[in-house]
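**Student:** Curious how this folds, go ahead:
(one chain, ligands or ions: 1)
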Amino acid sequence: MNEPAIHAEHLQKRYGDTLAVADVSLRVEPGEVLGILGTNGAGKTTTVEMIAGLRTPDSGQVTVFGLDPRRDRAALRQVLGVQLQKAQLHDTLTVVELVNLYRSFYPDPRPTDELLDLVELGSQRRTRFDKLSGGQQQRLSIALALAGRPRVVILDELTTGLDPRARRRMWTSIESLTEETVVLVSHAMDEVERLCDRVAVIDAGRVVALDTCAGIIRRAGTAGLEDAFVALTGKELEHENDEENAA
Ligand SMILES: Nc1ncnc2c1ncn2[C@@H]1O[C@H](COP(=O)(O)OP(=O)(O)OP(=O)(O)O)[C@@H](O)[C@H]1O
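**Tutor:** All right, here's what the predicted structure looks like:
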């Protein structure tokens, strides 16, 4: 079998008394789009932060194309792009300055215009980061995650806070990433069903299902992914975009 893009085995992470990640094992194949689906506080962000080397697991192992995210930091930076929920960027730099700053970290970066087009920020190129809307800031952070042509991209809450049109356009952009391995943290069923080859359902820090959407639905014996999620976790997902989508 080929080397996996991501191989996580029995990851565990605690914050004080909170067991954020109890036991997460995942294998993501190169080129695959894996969704991580779970309710608030399920442990999704902590899981991807351990994959990205931003947090050290208390126990367990993770590799990204064979690299240890903590030990092989410099090498990992060349293969992994991360967009986290809250981007912390230099507020006073403009969109194009930030894009070019990030491009400068890599030997063969994507062209500036390609990045701006991908997230539809071409007309905001001279706007300072702190003058962008929340959705624009989020789109910029996705462009920055893709600047170095990473082999693996982690996107945490790709479209949360985006309006319905921006959401659909972002999906189209992600669908154009055919070479990359993508880990997409989400609590939106429609997003996961459209974009992901397989889905890991995480509940209370554990993987309770890891399969294609169709496989998860079949095993749960439900009509759709949403009902399967409820059957697996006993919890409902929030629907922050529903009202907007109906508009
Ligand atoms: N830095 C931290 N310090 C203390 N507790 C934390 C910290 N980060 C997360 N937690 C707790 O760990 C648990 C898992 O959090 P995590 O952010 O990984 O979940 P999540 O599934 O990404 O949630 P969300 O969908 O709300 O982003 C939660 O109970 C959260 O409150």
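
**Student:** Going by C-alpha atoms from here, please, whenever you check contacts or count neighbours.
**Tutor:** Fine.

**Student:** so how many other residues sit close to residue 161?
**Tutor:** As a burial measure, residue 161 scores 15 neighbours (other Cα atoms under 10 Å).

**Student:** Ok, the one 4 residues further on next?
**Tutor:** Burial of residue 165 is recorded as 11 neighbouring residues (other Cα under 10 Å).

**Student:** what's the distance between it and residue 153?
**Tutor:** Using Cα to Cα, to the nearest Å, one obtains 23 Å as the distance from residue 165 to residue 153.

**Student:** so where's this protein shaky on pLDDT?
**Tutor:** For the chain, applying pLDDT under 70 flags the ranges 1, 85-88, 239-247.

**Student:** As a quick check, tell me the outermost residue of it.
**Tutor:** Computed with Cα atoms, centre = their mean, the maximum C-alpha offset from the centroid of the chain is found at residue 221, amounting to 27.8 Å.

**Student:** Spatially nearest residue to residue 90 (excluding sequence neighbours)?
**Tutor:** Closest residue in space to residue 90, ignoring its immediate chain neighbours: residue 129 at 7.3 Å, by Cα to Cα, 6 or more residues apart in numbering.

**Student:** That neighbour reaches residue 96, doesn't it?
**Tutor:** No: using Cα atoms under 8 Å, residue 129 and residue 96 do not qualify as a contacting pair, with a distance of 9.7 Å.

**Student:** Where does the most centrally placed residue in the chain sit, in terms of helix or strand?
**Tutor:** When Cα atoms, centre = their mean is applied to the chain, the residue found nearest the centroid is residue 155 (2.1 Å). Assigned by DSSP states H and E, residue 155 falls within strand 152-156.

**Student:** list the helices and strands that strand packs on?
**Tutor:** The criterion is 3 or more Cα pairs under 8 Å, 6 or more residues apart in numbering; DSSP states H and E, and the helices and strands that strand 152-156 contacts are strand 80-83, helix 134-146, strand 181-186.

**Student:** Mind checking those for the one nearest to the ligand?
**Tutor:** Counting by Cα to the nearest ligand atom, the ligand lies closest to strand 181-186 out of the helices and strands packed on strand 152-156; the figure is 7.6 Å.

**Student:** what's the following helix or strand after the closest one?
**Tutor:** Using DSSP H and E, the helix or strand that directly follows strand 181-186 along the chain is helix 189-195.

**Student:** Pull the residues that contact that next one.
**Tutor:** Helix 189-195 has contacts (Cα atoms under 8 Å, 6 or more residues apart in numbering) with 33, 35, 37, 171, 174, 175, 184, 186, 199, 213, 225, 226.
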